[in-house]
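Q: Got a sequence here, can you model it:
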Amino acid sequence: MSYVSKVANSMLSHSDRASILGPEIYTVIAEWEKKEIPLPVVMDSIDELCAAQHKTSCQLYSVDNVQAVVTKNFRNWLEHQH
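A: Predicted structure coming up:
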């Protein structure tokens, strides 16, 4: 399974069954892969967004929200890698 598929499936697993991801989300996910943002950082970011909403079905698919959390977590990850 590809990076993009794993992230998309994770996002969909946190949403209701009728949810679909727009092309802008797939574009952002592909950019994260290109930037070599580790998959665990992205997956943890998705979990963090959903936990913050305290819902079983989370609406984390605002591109800006997801991008902000992934960027923050990637910066933290980079800082602690050295």
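
Q: lowest-pLDDT helix or strand in this structure?
A: For the chain, using mean pLDDT, DSSP states H and E, the weakest element among its helices and strands is helix 39-53, scoring a mean of 87.

Q: so where's this structure uncertain?
A: Applying pLDDT under 70 to the chain flags residues 16-18, 52-61, 82.

Q: one more time with 90
A: Scanning the chain with the threshold set as pLDDT under 90 gives 1, 10-22, 47-66, 81-82.

Q: Tell me where this structure has helices.
A: With helices called from DSSP state H, the chain shows them at 3-13, 23-34, 39-53, 63-81.

Q: Report the separation between the nearest residue to Glu24 once chain neighbours are set aside and Trp32.
A: Leaving aside its chain neighbours, Glu24 sits nearest to Val63 (5.1 Å; criterion: CB to CB, 6 or more residues apart in numbering). Just so you know, the C-beta spots here come from the backbone N, C-alpha and C atoms, and that holds for glycine as well. Relative to Trp32, Val63 is positioned 12 Å away (CB to CB, to the nearest Å).

Q: Fine by me, we can end here.
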